[in-house]
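Undergrad: next one to model:
(chains A and B)
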Amino acid sequence: MKRGSIIALIVAAVVLLAVPRIIVNEFYVNMASQVLIYALFALSINLMLGYGGMVSLGHAAYLGVAGYTCILLTITGYDQLTAALLAILFSTLFAAFFGVLSLRAPGLGFIMITLAIGQIVWGIAYRANDLTGGDNGIRLPARPMPFGIDIRDAASFYYFTLVVFVIALFFLWRFSRSPFGASLMGTRDQPRRMRMLGHNVWLIRLLTFVMAGFWGSVASILFVYYNLFLSPHALGLQQSAEILLMAILGGASSLTGPIVGAVIITLVKNVASTYVERWNTLLGMIFVIVIMFMPLGIVPGCKHLWRRLQDRRKKSTPAKITASEPAA
Amino acid sequence: MQWQFWIIQTLNSVAFGGLLFLLSSGFSLIFGLMRIPNLAHGAFFMLGTYFGYTLLQKGLHFWPAALLGGIGVGLLGIALERFILRKLSGNEQGQVLVTLGVSFIIADICLLVWTGDPMPLAAPQSLRRPLLFAGFAFPTYRLVVLGIALVAAVGLYLLMERTRLGAMIRAGVDDMEMARGVGIPVSRLFTTVFLLGATLAGIGGVLGGPILTAYPGLDADMLPLALIVVILGGAGSLLGAFVGSFVVGFLYNFGIALAPDLAYFVLFFPMVLVLVFLPQGLFGRVQI
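TA: Prediction:
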């Protein structure tokens, strides 16, 4: 790691730890937790999008599968930890099933199938009144006490989310540097060559799909703990699209991109919905504008600009030397 | 009474299948030719329904309203293709996501203009009375919708198989590069197919109005059905869209009538089967 990035990491860690101290207002602390949860969603979808080049529009399905399972198990009397673990396990198995189906189609068929699956999960949640409460949704009785720690108030819930987020981030960072991550990027850029080299492209993609499903499920459990409530509105196409947009807006090819995207979208959404009702139009417009004018996203875009600026500065200094040489 | 239930449900299913065909034939053609799923297609359908509602409010008769509504949506389709998708040519992933963004914008504008209340469209006066035949009552309007869908299917078939335009579209679906190579104006075909697909979706929307009523969320209800039709039938195939539409129409309608909790699950199952055993769909020309 370069010294610059270590400093950046330390600064980020201090800021993240200090958030509830800086902004004491509970509303904003809660918003910070929300940002972290969405960032985890965006990071998980980005495993597929950024490293694997697979665009999924069904990511909110995990919110449905993991979320409802967790709530229903808690209601039936399982303790919180078992309920959460079982929900994540079940949802991850589901991810494997979705992955097998979605990967039957190459390219854009993948988007279509993930969308169809996501909408079917939404439809089942919406229609299966006895199980999910239909349109009214169901509540989680109470926030859990993991290992006896009280996380009911805003600040401690924020720290709880932060811990999970940091663990996930560490894992994803390791993943992006691992040989498996490299082979995944290989299947994104040159699937045929990877196949010729003896890699099982399908299996690499499936494992990535499952991993994305796993972290998506973890984020879903946090989402349910945060809201203490789940209804079909939370797992519609709009949710999947928002998560995807976060990753694209920030920049899918980096680890920081989805986080930046999640911060921007969550803040814009919260701010915009207090002033105007037309969040969906705004979402659609951001979508169109980002894809037409910022296809790489904000973080790579800024990096690119920064590098160009530095190049120019570097170029201008040696240029002077060479210019002065003939004179000397 | 039992018989009446089955007959009515069957008729509802085929009428709904007809609507789905109007929606998904265009979707399938666009997918087949341009290789992108137009995720704004559900929004086109819904917009057609709302256009139809307003035109009927303005005192227009039903059939001109259906035609005008369809043309209105068709023009919007051209605009989407010309001004947005064309700018992104080559970036298919971007094109799909843009259509999704556009569908959000359309849906939200519909909510703004026509509010969130469901708005039923009135069927034409002459078709409101049920048709009595052999002691059973048949809803006349649905029969007519089915008839129109069948006419549209035959028309599309003739267009695709018997005309020069159809031959060019088929060539583009089968091998785009070769089609370009022999001098087929593929980019003009894109616009044509988009116009055709959007118009069909719009007309379908108006015709569906009296059956489904116009409500926010109609787009999100219809789009997945169109996707499943295309996954089942295969992209780019008219026959596939036709068969798929009626299969989905039956499954969805009977699913809702008999086991409303499981209506979506019933749809999911054949999709899984087809994906596992025939990933290019039943009649697919292009691999999805």
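
Undergrad: tell me which residues touch the residue nearest to residue A:45 when sequence neighbours are not counted, please.
TA: Distance criterion Cβ to Cβ, 6 or more residues apart in numbering or on different chains; nearest residue to residue A:45, sequence neighbours excluded, is residue A:59 at 4.9 Å. Any C-beta I mention is one placed from the backbone N, CA and C, and that applies to glycine too. Residue A:59 makes contact with A:41, A:44, A:45, A:114, A:118, A:212, A:216, A:239, A:240, A:243, A:244 under the criterion Cβ atoms under 8 Å, 6 or more residues apart in numbering or on different chains.

Undergrad: can you do 7 Å?
TA: Neighbouring residues of residue A:59 by Cβ atoms under 7 Å, 6 or more residues apart in numbering or on different chains: A:41, A:45, A:216, A:240, A:243, A:244.

Undergrad: low-confidence ranges, the stretch 51-200 of chain B, go.
TA: By pLDDT under 70, the low-scoring segments of the stretch 51-200 of chain B are B:134-136.

Undergrad: repeat that for the stretch 101-250 of chain A.
TA: Scanning the stretch 101-250 of chain A for pLDDT under 70 picks out A:148.

Undergrad: let's see it at 90
TA: Residues of the stretch 101-250 of chain A that meet the criterion pLDDT under 90 lie in A:101-160, A:173, A:175-177, A:181-182, A:186-192, A:194-196, A:198-201, A:227-239, A:241-242, A:245-250.

Undergrad: how about the residues of it near chain B?
TA: A:101, A:104-106, A:108-109, A:111-113, A:115-116, A:119-120, A:123-124, A:127-130, A:236-237, A:241 (Cβ under 7 Å from any Cβ of the partner chain).

Undergrad: now the buried members of those.
TA: In those, burial by neighbour count holds for A:101, A:104-105, A:108-109, A:111-113, A:115-116, A:119-120, A:123-124, A:127-128, A:236-237, A:241, counting by 16 or more other Cβ atoms under 10 Å in any protein chain shown.

Undergrad: stretch B:7-18 - what's its average pLDDT?
TA: Regarding stretch B:7-18, the rounded mean pLDDT is 88.

Undergrad: would you mark the buried spots in it?
TA: Residues of stretch B:7-18 classed as buried: B:8, B:9, B:11, B:12, B:13, B:14, B:15, B:16, B:17, B:18 (neighbour count, 16+ other Cβ under 10 Å).

Undergrad: between the contacts of residue A:59, which sits nearest residue A:182?
TA: Set against residue A:182, the nearest of the contacts of residue A:59 by Cβ to Cβ is residue A:45 (20.1 Å).

Undergrad: measure that closest one to residue A:252 for me?
TA: Using Cβ to Cβ, to the nearest Å, one obtains 9 Å as the distance from residue A:45 to residue A:252.

Undergrad: more crowded one of those two?
TA: Just comparing residue A:45 and residue A:252: by other Cβ atoms under 10 Å in any protein chain shown the higher neighbour count belongs to residue A:45, 32 against 26.

Undergrad: how about the contacts made by the more buried one?
TA: Taking Cβ under 7 Å, 6+ apart as the contact definition, residue A:45 lies against A:56, A:59, A:212, A:243, A:244, A:247.

Undergrad: show me which of the contacts of residue A:59 is closest to residue B:67.
TA: Sorting the contacts of residue A:59 by distance to residue B:67 puts residue A:240 at the head of the list, at 35.4 Å, by Cβ to Cβ.

Undergrad: in chain A, which residue is most central in space?
TA: Central residue of chain A (Cα atoms, centre = their mean): residue A:42, 1.4 Å from the mean position.

Undergrad: just the pLDDT at that one, thanks.
TA: Predicted confidence (pLDDT) for residue A:42: 93.

Undergrad: which stretch of helix or strand covers it?
TA: With elements delineated by DSSP states H and E, residue A:42 resides in helix A:26-46, which encompasses its position.

Undergrad: buried residues, that helix. List them.
TA: In terms of neighbour count (16+ other Cβ under 10 Å), helix A:26-46 has its buried residues at A:29-46.

Undergrad: related to what we said a few turns ago, for the residue nearest to residue A:45, what are phi and psi?
TA: Per-residue torsions, residue A:59: phi -70, psi -30 (degrees, to the nearest 10).

Undergrad: return the residues of the stretch 51-200 of chain B in contact with chain A.
TA: Residues of the stretch 51-200 of chain B found near chain A, taking Cβ under 7 Å from any Cβ as the criterion, are B:84, B:87-88, B:91-94, B:96-98, B:100-102, B:104-105, B:107-109, B:112.

Undergrad: and residue B:18, how close does it get to residue B:148?
TA: Relative to residue B:148, residue B:18 is positioned 7 Å away (Cβ to Cβ).

Undergrad: list the residues that contact residue B:65.
TA: When contacts are counted by Cβ under 7 Å, 6+ apart, residue B:65 is found next to B:52, B:55, B:56, B:206.

Undergrad: quick check: closest non-adjacent residue to it.
TA: On the basis of Cβ to Cβ, 6+ apart, the spatially nearest residue to residue B:65 that is not a chain neighbour turns out to be residue B:55, at 3.9 Å.

Undergrad: count of residues packed around that neighbour?
TA: Residue neighbour count, defined by other Cβ under 10 Å, stands at 21 for residue B:55.

Undergrad: what's the host helix or strand of it packed up against?
TA: When secondary structure is defined using DSSP H and E, the element that contains residue B:55 is helix B:41-57. Using 3 or more Cβ pairs under 7 Å, 6 or more residues apart in numbering or on different chains; DSSP states H and E, the elements in contact with helix B:41-57 are helix B:2-34, helix B:62-79, helix B:92-114, helix B:186-212, helix B:218-233.

Undergrad: quick one: those as CSV, columns for distance to residue B:45 too.
TA: Converted to CSV, the helices and strands packed on helix B:41-57 look like this (distance: least, Cβ to Cβ, whole Å):
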stretch, distance to residue B:45
helix B:2-34, 5
helix B:62-79, 8
helix B:92-114, 10
helix B:186-212, 4
helix B:218-233, 5
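
Undergrad: buried deepest among those helices, which one?
TA: helix B:218-233 (a mean of 27; mean count of other Cβ atoms under 10 Å in any protein chain shown).

Undergrad: got the buried residues for the helix or strand following that helix?
TA: Moving toward the C-terminus from helix B:218-233, the first helix or strand encountered (DSSP H and E) is helix B:238-258. By neighbour count on 16+ other Cβ under 10 Å, the buried set for helix B:238-258 is B:238-256.

Undergrad: now helix B:238-258 - C-alpha only, PDB.
TA: Below are the C-alpha coordinates for helix B:238-258, written out as PDB (Å, rounded to 0.1, in the frame of the first residue of the first chain):
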ATOM      1  CA  LEU B 238     -42.900 -14.000 -33.500                       C
ATOM      2  CA  LEU B 239     -44.200 -17.500 -33.100                       C
ATOM      3  CA  GLY B 240     -42.400 -17.700 -29.800                       C
ATOM      4  CA  ALA B 241     -44.000 -14.400 -28.600                       C
ATOM      5  CA  PHE B 242     -47.400 -15.700 -29.700                       C
ATOM      6  CA  VAL B 243     -47.100 -19.100 -28.000                       C
ATOM      7  CA  GLY B 244     -45.400 -17.600 -24.900                       C
ATOM      8  CA  SER B 245     -48.100 -14.900 -24.600                       C
ATOM      9  CA  PHE B 246     -50.900 -17.400 -24.400                       C
ATOM     10  CA  VAL B 247     -49.100 -19.700 -22.100                       C
ATOM     11  CA  VAL B 248     -48.300 -16.900 -19.700                       C
ATOM     12  CA  GLY B 249     -51.800 -15.500 -20.100                       C
ATOM     13  CA  PHE B 250     -53.300 -18.800 -19.000                       C
ATOM     14  CA  LEU B 251     -50.900 -19.400 -16.200                       C
ATOM     15  CA  TYR B 252     -51.200 -16.000 -14.800                       C
ATOM     16  CA  ASN B 253     -54.900 -15.700 -15.100                       C
ATOM     17  CA  PHE B 254     -55.700 -19.200 -13.700                       C
ATOM     18  CA  GLY B 255     -53.000 -18.700 -11.100                       C
ATOM     19  CA  ILE B 256     -54.700 -15.500  -9.800                       C
ATOM     20  CA  ALA B 257     -58.200 -17.100 -10.000                       C
ATOM     21  CA  LEU B 258     -57.300 -20.400  -8.300                       C
END
